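[1] Got a predicted model here, sequence first, then my questions.
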There are 2 protein chains.
Amino acid sequence: MTNKVTAFAPATCGNVCVGYDILGLCYSGAGDKVTVQKIAKPEVIIESIEGEDSLSCDPKKNTAGIVLLELIKEQKLSFGFSISIEKGISLGSGMGGSAASAVAALLAANSFLETPLSKSTLLEYSLKGEELASGHAHADNVAPCLYGGLVLLSNGEVVELPFPKFIQILLIHPHLTVNTKDARKVLKSEIKMKDYVKQSENLAGFITGLYKNDPGLIKKSFEDVLVEPLRSKLTKGFSHCQELAKAEGVLGYALSGSGPSQIALCESHEQADNINKIVTSYYESEGIKVDTFIGSINSEGAKLL
Amino acid sequence: MTNKVTAFAPATCGNVCVGYDILGLCYSGAGDKVTVQKIAKPEVIIESIEGEDSLSCDPKKNTAGIVLLELIKEQKLSFGFSISIEKGISLGSGMGGSAASAVAALLAANSFLETPLSKSTLLEYSLKGEELASGHAHADNVAPCLYGGLVLLSNGEVVELPFPKFIQILLIHPHLTVNTKDARKVLKSEIKMKDYVKQSENLAGFITGLYKNDPGLIKKSFEDVLVEPLRSKLTKGFSHCQELAKAEGVLGYALSGSGPSQIALCESHEQADNINKIVTSYYESEGIKVDTFIGSINSEGAKLL
């Protein structure tokens, strides 16, 4: 085989509004590419990082590097990897950039193993990267990135949920930064019982709406009463854009992960286009650059190129 | 038509372990019967109550009476009802007895209306009875009683969830009393965020397990980390019986509503029989009488006889 392999890992949405720490969704469009080359010594060299200036080339300070160092150590590999990273996902964008780099690196490196590892083992390695990036080894980005689709993390299992094909997903990335660690700090360690009941009603309604393919139930249920009220103020313009999208009849509008990116579930491509124009125009009027992507859910997840 | 109609309304399980205030399940077996007779004056007379000595024959102090008084008032009926109640469900048993009497009375009385009301309107009336019984107009007993099956209450909708046919439900009713209002008092107004995440993982896992017909996921998910730890001590022997049932590989074992009744989800009739014997033997050794019922889920709900 060739001694150079490239993998693509897509952007993802952690939480998916009502599923704090337990739901994750895989976007079409944006993603990171990592090219891995086998080298003789059991070490990791980051040769280049394109598309993001602030990332470190020290493999111990980069999620792609960390997960490969773990892989070498745990699998007792006699060889190592030299990697080049093309960042399609900005740091701190709420699109699962740290997860994507780690997953792409692992998937590509896995090709060089005598017995390639299973997805569930790759998931465990990729969590080591998340621990570095956010101080919290949660799988709501790495799991959808690796498996594709909409996934539920429940009691150690990654469970694929159905996602209606007609829903068009609009991903909005205003060029603002929200640090994941800061976004965790605004959360409270205690929540009101009545908010819990409301949120669980929405979570159960959302999942049931997906299984029933019921846009009405999805729309009623896609509301986060617990986390969004605390985090929305960290992303300039979010609440305003959410209101604009609701006025257009959007199925759901939420922060992507902890923001600043935003996810809109739309009933049609036309609705997605329309909301895209409205939100983009708002951010541009505020002098903030914005990237957007429209597409169905990405049910494939990370892949070798 | 005859001027006497009898309706049967089954026992129900509020909360269903992981769905505090939002899930309810309809049992086969136990239930209340209410016979309603049309009378000339727009009033309610409770002629007799069998099977429960402590219930009041004052229609304003009985859920069956209250809901019919509301019906007469709101529907501006020119006539009234005389009713006889056969309680098959003890008060404060955690089997939705107050809901069953109200639902049976409404369903029977509905036969006398020129234009019978829809189930969703009957549901609204039956909630008036719950407000009296528990100080809290929640539908997790009246909705499954009226609709049958396993229901999710989400944003004002009653949504039917799938329930695998192979699951045998064992209902255990030890002759102890837990007052619903007391059971609400032990709850806390605030809960820990980490408990919320765990509970939401279980709720989402349970619903997904039902849709996927996946006993393994149901088993892992059927655990209440929020409410049960606070309420289990109100029911003598509950935690002990839960352990005994778990040792037998039960799919799930929880309080029925706020107790003292208990629900066991079993993989087979044999397992249900076995757990039934073990738990019954424990309560009898403690000098506590116990009634038990084994059956599939009751997907029919309340009905005219």
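    Here it is on my side, so go on. Numbers count the residues shown, from 1 in each chain, chains lettered A, B, ... in the order given.

[2] Please count neighbours and contacts with C-alpha atoms only from this point.
    Fine.

[3] Just the element for the residue of the stretch 201-305 of chain A found nearest chain B, please.
    Nearest residue of the stretch 201-305 of chain A to chain B, counting by Cα to the nearest Cα: A:Glu201, 5.1 Å away. Assigned by DSSP states H and E, A:Glu201 belongs to helix A:193-212.

[4] so that helix versus helix B:193-212, what angle?
    In terms of direction (axes from the mean of the first three to the mean of the last three Cα atoms, to 10 degrees), helix A:193-212 departs from helix B:193-212 by 20 degrees.

[5] returning to that earlier point: hmm, B:Ser154 and the residue of the stretch 201-305 of chain A closest to chain B touching each other?
    Yes - applying Cα atoms under 8 Å as the test, A:Glu201 and B:Ser154 come out as touching, 5.1 Å apart.

[6] List the residues that are in contact with both of these two.
    Shared contacts of A:Glu201 and B:Ser154 (Cα atoms under 8 Å, 6 or more residues apart in numbering or on different chains): A:221, B:22.

[7] pLDDT score for the residue of the stretch 201-305 of chain A closest to chain B?
    We have a pLDDT of 97 for A:Glu201.

[8] ditto for the one 4 residues further on
    What the model reports for A:Gly205 is a pLDDT of 98.

[9] cool, A:Glu248 as well?
    pLDDT, read off for A:Glu248, is 97.

[10] can I assume it is in contact with A:Ile275?
    Yes - with contacts counted by Cα under 8 Å, A:Glu248 reaches A:Ile275, the gap being 7.2 Å.

[11] ok, these two, which is more surrounded?
    Higher neighbour count among A:Glu248 and A:Ile275: A:Ile275, with 24 against 15, using other Cα atoms under 10 Å in any protein chain shown.

[12] contacting residues for that one?
    A:244-245, A:248.

[13] Then A:Val142?
    With Cα under 8 Å, 6+ apart, A:Val142 has these contacts: A:96, A:99-100, A:103, A:123, A:126-127.

[14] Only alpha carbons, please: show stretch A:194-206 as PDB.
    Coordinates of each C-alpha in stretch A:194-206 appear next as PDB, following Å, rounded to 0.1, in the frame of the first residue of the first chain:
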ATOM      1  CA  LYS A 194     -39.400  22.100  36.700                       C
ATOM      2  CA  ASP A 195     -36.900  23.000  34.100                       C
ATOM      3  CA  TYR A 196     -35.700  19.400  34.100                       C
ATOM      4  CA  VAL A 197     -39.300  18.200  33.500                       C
ATOM      5  CA  LYS A 198     -39.700  20.600  30.600                       C
ATOM      6  CA  GLN A 199     -36.400  19.700  29.100                       C
ATOM      7  CA  SER A 200     -37.000  15.900  29.300                       C
ATOM      8  CA  GLU A 201     -40.400  16.500  27.700                       C
ATOM      9  CA  ASN A 202     -38.600  18.200  24.800                       C
ATOM     10  CA  LEU A 203     -35.900  15.600  24.600                       C
ATOM     11  CA  ALA A 204     -38.400  12.700  24.500                       C
ATOM     12  CA  GLY A 205     -40.700  14.600  22.100                       C
ATOM     13  CA  PHE A 206     -37.800  15.300  19.700                       C
END
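
[15] Buried residues in that stretch, which are they?
    Neighbour-count burial for stretch A:194-206 flags A:195-206 (criterion: 16 or more other Cα atoms under 10 Å in any protein chain shown).

[16] Ok, stretch A:249-264 next?
    For stretch A:249-264, by 16+ other Cα under 10 Å, it's A:250-264.

[17] Next, see if it gets close to chain B.
    No - taking Cα under 8 Å from any Cα of the partner chain as the criterion, stretch A:249-264 and chain B are apart, separated by no less than 14.9 Å.

[18] Repeat that for stretch A:176-187.
    No - judged by Cα under 8 Å from any Cα, stretch A:176-187 stays clear of chain B, getting no closer than 8.7 Å.

[19] which outside residues touch that stretch?
    A:91-94, A:133-135, A:227, A:230-231, A:234-235, A:258-260, A:288.

[20] Just the buried subset of those residues, please.
    A:91-94, A:133-134, A:227, A:231, A:234-235, A:258-260.

[21] from these, which two are the most distant?
    The largest separation in the buried ones among the contacts of stretch A:176-187, counting by Cα to Cα, is between A:Leu91 and A:Val227 at 21.1 Å.

[22] Tell me the residues on chain A that lie near chain B, please.
    A:19-22, A:152-155, A:161, A:188-194, A:196-197, A:200-205, A:207-208, A:211, A:220-221.

[23] swap the cut-off to 7 Å and go again
    Proximity of chain A to chain B, by Cα under 7 Å from any Cα of the partner chain, involves residues A:22, A:154-155, A:189-193, A:197, A:200-202, A:204-205, A:220.

[24] For the residue in the stretch 1-150 of chain A that chain B sits nearest to, report the pLDDT, please.
    For the stretch 1-150 of chain A, the residue closest to chain B is A:Ile22, as judged by Cα to the nearest Cα, at 6.3 Å. A:Ile22 carries a pLDDT score of 96 in this model.

[25] try A:Met1
    pLDDT, read off for A:Met1, is 53.

[26] Doesn't A:Ile45 belong to a strand?
    Yes - checked against DSSP: H, G, I helix; E, B strand; the rest coil, A:Ile45 lies within a strand.

[27] That one: how many residues sit nearby?
    For A:Ile45, the neighbour count with other Cα under 10 Å is 19.

[28] Helix or strand: which one has the residue nearest to it when sequence neighbours are not counted?
    Once flanking residues are discounted, A:Ile45 sits nearest to A:Ser82: 4.6 Å by Cα to Cα, 6 or more residues apart in numbering or on different chains. Using DSSP H and E, A:Ser82 sits in strand A:80-86.

[29] Give me the sheet partners of that strand and which way each runs.
    Here strand A:80-86 is paired, per DSSP bridges, with strand A:23-39 (antiparallel), strand A:44-50 (parallel).

[30] before we move on, the earlier item: who touches the residue nearest to A:Ile45 in this structure?
    A:Ser82 makes contact with A:36-39, A:44-47, according to Cα atoms under 7 Å, 6 or more residues apart in numbering or on different chains.

[31] Tell me, how many residues neighbour A:Gly148?
    Around A:Gly148 there are 25 residues (other Cα under 10 Å).

[32] brain fart, A:Ala245
    Applying other Cα under 10 Å, I find that A:Ala245 has 24 neighbouring residues.

[33] Is it located within a strand, as I assumed?
    No - counting by three-state DSSP, A:Ala245 is not found in a strand; it is helix.

[34] Tell me the spacing between A:Thr235 and A:Ile89.
    17 Å (Cα to Cα, to the nearest Å).

[35] A:Leu230 too?
    25 Å.

[36] and what of A:Lys188?
    Distance from A:Lys188 to A:Ile89, counting by Cα to Cα: 29 Å.

[37] what about those two, which has more around it?
    Set A:Lys188 next to A:Ile89 and count neighbours by other Cα under 10 Å: A:Ile89 wins out with 25 against 12.

[38] Surely that one is in contact with A:Gly97?
    Yes - in this structure, A:Ile89 is within contact of A:Gly97 by Cα atoms under 7 Å, at 5.1 Å.

[39] Now for these two: what residues contact both?
    With Cα under 7 Å, 6+ apart as the test, A:Ile89 and A:Gly97 both reach A:Ala11.

[40] What's the end-to-end length of stretch A:279-290?
    9 Å.

[41] list the buried ones in it?
    A:279-280, A:282-283, A:290.

[42] now those residues as a markdown table including pLDDT?
    Output for these, formatted as a markdown table (pLDDT from 0 to 100):
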| residue | pLDDT |
| --- | --- |
| A:Val279 | 98 |
| A:Thr280 | 98 |
| A:Tyr282 | 98 |
| A:Tyr283 | 98 |
| A:Val290 | 97 |
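
[43] What segments of chain A are helices?
    Secondary structure of chain A (DSSP state H): helices at A:63-74, A:97-110, A:119-134, A:142-147, A:180-185, A:193-212, A:215-221, A:228-231, A:238-247, A:269-285.
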